[in-house]
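> got a sequence here, can you model it:
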Amino acid sequence: MKSGKDNLEKFHKLHHVNPGLVFFAFVFLYVAVCIYISSKESSIVGYQIKNGMLSENRIYTGIALRDENVVTSEGQGYVALFVSEGERAAFNNLVYAIDQSGKISDLTTKDPNEDTFLSDKELSSLKQDIMLFSKEFNKANFEDAVVFENTISEEMARLENRSLLASVEEINSLHINDIINFYRISGSGIVTFFEDGYENKTADMINPEDFDKENYNCNYVYNDTLLETGDFVYKYTNNELWSLCIFVPDKEMDRIHEGDYVDVRFSKTNNRSWGLVHIVKNCDKGSIVSLTFTNSMVTFARDRFVEVELLLEEDTGLKVPNSAIAENSFFLIDKDFVLTDVNDADYGVNVQVISDSGNVTTKFMEVNVYKETDDCYYVAMSGLKAGDTLYYVSQNGAADTSTTPLTFTVGKQGTLIGVYNINKGFADFKQIEVLYSNDEYSIIKSNTTTGLRAYDYIALDASVVTDKDFVY
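Coordinates of the predicted model:
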């Protein structure tokens, strides 16, 4: 008889699968696959379109042209100036004197310890000049600081000369009236004391080389300058009508049109004004354009070169990076061979199909239309291929099945520029119309039939996207 031990049977231990371990293994595998796919393909980065404007490539240096009346010296000797540069002189105001003896200079410098008091108006004018210079000064053009120092020194000298007029009795006591001649302005206007050869120039006399400041020569008249009879002393402008001539390169001329008014911002003051456009003449690689103004002449009376920025209307709109712009090819299909459903805006074509047995049938195929011209549609290439035969679409939308049907062979292509809209989670090519562009951005037309609107999302880099790609 067998013992009880012999009746026992040995069972193998069952191995239980841990569900948590399986779940984490699946997640790990999924993440690994995603990382692998990401390493093989460039991800699509989105960019939100917003309204903006371009601020580059619209700044020009203009040559100011005014009605400048030149006055020459009526005598020989040392000049004493009594009007500030850029100040308005009324009719018959005293402007300068010719001193044959140098007595006026002696009187203004006889007591260097004597204080010179400035009126509130004079002090305010000097402060404004200093502030404008500080704002515009560029260390690369240090010579401007020297010119400004001379200008301020001359201004102070003119103020001293004017204070001297209050001491006419002292001049009379010196019995020097017979050798000092005082001269008054025969008109009225803004007075300046520099001569540069542009006084009698008109817009049609301006050439591209005139914009080179290195070739610019200017003659200033200062206090105590020794003048000969007939030498330049000053000039005055009594007309608010003035103009700026700018040189516009050929690539930017399509933005400027004859007879238009353009919004101009002056860099010196940051003020804006409207200028009337006149295209003066065409030159090599560009054109001379005149901008006419009826105000602000006084502000720039002392400047021959004026920097301006044109705030053109087409520079404002939907702003997109140039990296987002792509160029795609499309089939050009004759309109007679495209069926249009006006109600739901669907498009389709009747394509010829030849079976293996040689039977000819037709198949209706929906197509995506991106642009319409007078005689054709720009149709996406998906579905169609070069060499396909399309049948003429009759009025009821059916294909022409007559003995000699009218057919169209797919093949001719055209290109459109656009961006990839990713609002719906996949790349959808949208045609755009570029109004203006610079090196980094473009301004495009908004609210077009197949175009874009503000706050749409597009692919930032069009080079890594193809139509209908999913965004992940």
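> okay, and the beta partners of Y457?
On the basis of DSSP bridges, Y457 takes part in beta bridges with Q48.
> could you point out the helix or strand that follows the least confident helix or strand in the chain by mean pLDDT?
Of the helices and strands making up the chain, the lowest-confidence element is helix 168-173, at a mean of 52, by mean pLDDT, DSSP states H and E. Note on helix 168-173: by DSSP states H and E, the next helix or strand toward the C-terminus is strand 180-184.
> and the contacts of that next one?
When contacts are taken as C-beta atoms under 8 Å, 6 or more residues apart in numbering, the neighbours of strand 180-184 outside the stretch itself are 74-75, 77, 92-101, 103-104, 171, 233. Yep, even glycine has a C-beta here, placed from its N, CA and C like the rest.
> who is I59 paired with across the strands?
Under the criterion DSSP bridges, I59 forms beta bridges with E309.
> okay, helices next: where are they in this structure?
Using DSSP state H, the helices assigned to the chain run over residues 19-40, 103-109, 120-136, 143-164, 168-173.
> comparing those, which yields the minimum mean pLDDT?
Set side by side, those show their lowest mean pLDDT on helix 168-173, which sits at a mean of 52.
> doesn't W242 make contact with S290?
No - here S290 does not reach W242: they are 10.5 Å apart, not a contact under C-beta atoms under 8 Å.
> on that earlier part again, so of the contacts of strand 180-184, which ones are in strands?
Among those, the members falling in strands are 77, 94-99, 233 (criterion: DSSP state E).
> now V367, which residues is it bridged with?
Beta-bridge pairing of V367 under DSSP bridges involves Y347.
> so where is the stretch 301-450 of the chain shaky, pLDDT-wise?
For the stretch 301-450 of the chain, residues meeting the criterion pLDDT under 70 lie at 313-315, 341-345, 393-405, 447-450.
> over to the stretch 151-300 of the chain?
Applying pLDDT under 70 to the stretch 151-300 of the chain flags residues 151-179.
> that older thread, who wins for neighbours among the ones in strands among the contacts of strand 180-184?
Most neighbours among those, by other C-beta atoms under 10 Å: Y96, with 27 neighbours.
> that one touches L81, doesn't it?
Yes - counting by C-beta under 8 Å, Y96 touches L81, with 5.3 Å between them.
> touching both of those two, which residues are there?
With contacts defined as C-beta under 8 Å, 6+ apart, the residues shared by Y96 and L81 are Y234.
> specify the residue ranges that define each domain of the chain.
The chain resolves into domains spanning 60-311, 322-464 when parsed by automatic domain parsing.
> make JSON lines from the ones you listed and add distance to N18 to it.
Formatted as JSON lines, the entries for those read as follows, by distance: least, C-beta to C-beta, whole Å:
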{"stretch": "domain 60-311", "distance to N18": "70"}
{"stretch": "domain 322-464", "distance to N18": "36"}
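> closest one to V27 among the ones you listed?
Among the domains of the chain, domain 322-464 comes nearest to V27, with 23.1 Å by C-beta to C-beta.
> quick one: residues in contact with stretch 460-467.
Counting contacts by C-beta under 8 Å, 6+ apart, the residues touching stretch 460-467 from outside are 41-47, 321, 323-326, 328, 380, 382, 419-420, 427-429, 459.
> biggest separation within the ones in strands among the contacts of strand 180-184, which pair?
Longest distance between any two of the ones in strands among the contacts of strand 180-184 is 16.2 Å, between G77 and L94; criterion C-beta to C-beta.
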